[in-house]
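Engineer: just to be clear, the model below is a prediction. Sequence and coordinates:
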Amino acid sequence: MENKTKLKSTANLILNTVLYIFLAICIIAVFVTLISKKDDDGMEIFGHQMLIVTSESMDKCDETDVSDYRIGSIPLNSMVFVQTVPDDAAKAEEWYADIEVGDVLTFKYLYTSHITITHRVTRIDELDGGGYKFYLEGDNKDANSDILTQTIDTTDETSPNFIIGKVVAKSYLLGLLISFLQKPVGIVLVVIVPCFIIIMMEVFRIIGVVNEDKKKKAEEEKKKKDDEIEELKRRLSAFEDPNTENKGDTDQQTTVEEGKQ
């Protein structure tokens, strides 16, 4: 019985832990979703931005071999973690110097509008007067179409094209979750329903504890009453039994008679 109780407690602890971790992830995802809706550049924490890839330009393609690169192909709706360029000019220059061909950069680029793009560095030119010119392309190349290349000159301060940072990590599952949360049905299924389940589980647990306490108190009260009834029965039996009542007098008379003899 004791082992069964311990097993049940352990199972409840594990289930509660998993549910609370899931709830925490959902809350964080909702927070990131709300921030990303307000700001196209996403949310920045400790010098890193979290962004959702909204195109297939970095998806897997047979025309592009990315097996030797730290950051491989990035599917649509993936979340990328971007290490942003330092604000200090000297540190920014050192930061640019560490960029290599094959790194993935996130940058602002002007076409018909000013958009955020995440592409891979295909070439780097070190300029004579200092600074760099980066050439970037998407991984998803169609052999039958022209390949678009973006160029960014780090010395051109008037250009609308500039680097936001370098992609240092990615998560397809987290990106899918946040993309799903951006839809009303996602909020309902991923956040509201689990929260409701957790609340109901806690309500049932509290009801179970209360009922268990009531049952325990009822058993204690019943035992107490049973003991009192047994005591009353014993006393009543002793009072009604003449042999028990007169036993002391009989023993005394026997002793006196033996003395006389």
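Structural biologist: Cool, the structure landed.

Engineer: would you list every one of the strands in the stretch 101-250 of the chain?
Structural biologist: Ranges of strands within the stretch 101-250 of the chain are 104-110, 114-126, 132-137, 150-153, 162-171, based on DSSP state E, counting those that start in this stretch.

Engineer: can I get the ones you listed in a markdown table including mean pLDDT, distance to Glu221 and mean neighbour count?
Structural biologist: Bear in mind the C-beta positions are built from the backbone N, C-alpha and C, glycine included. Shown next, in a markdown table, are these (pLDDT from 0 to 100; distance: least, Cβ to Cβ, whole Å; neighbours: other Cβ atoms under 10 Å):
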| stretch | mean pLDDT | distance to Glu221 | mean neighbour count |
| --- | --- | --- | --- |
| strand 104-110 | 96 | 70 | 19 |
| strand 114-126 | 95 | 70 | 17 |
| strand 132-137 | 96 | 79 | 19 |
| strand 150-153 | 96 | 81 | 16 |
| strand 162-171 | 95 | 58 | 19 |
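
Engineer: and the ones you listed as JSON lines, adding distance to Phe196?
Structural biologist: Output for those, formatted as JSON lines (distance: least, Cβ to Cβ, whole Å):
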{"stretch": "strand 104-110", "distance to Phe196": "37"}
{"stretch": "strand 114-126", "distance to Phe196": "36"}
{"stretch": "strand 132-137", "distance to Phe196": "46"}
{"stretch": "strand 150-153", "distance to Phe196": "47"}
{"stretch": "strand 162-171", "distance to Phe196": "27"}
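
Engineer: of all those, which one comes closest to Leu19?
Structural biologist: strand 162-171 (21.5 Å; Cβ to Cβ).

Engineer: and the helices in the chain?
Structural biologist: With DSSP state H, the ranges of helices along the chain come out as 2-38, 89-97, 172-181, 184-187, 193-240, 242-260.

Engineer: worst average pLDDT in the ones you listed?
Structural biologist: Here the helices of the chain differ in mean pLDDT, and the lowest is helix 242-260 at a mean of 52.

Engineer: what residues are bridge-paired with Ser171?
Structural biologist: Legend: beta-bridge partners of Ser171 under DSSP bridges are Met79.

Engineer: surely it and Ile74 touch.
Structural biologist: No: Ser171 is beyond contact range of Ile74, at 10.2 Å (criterion: Cβ atoms under 8 Å).
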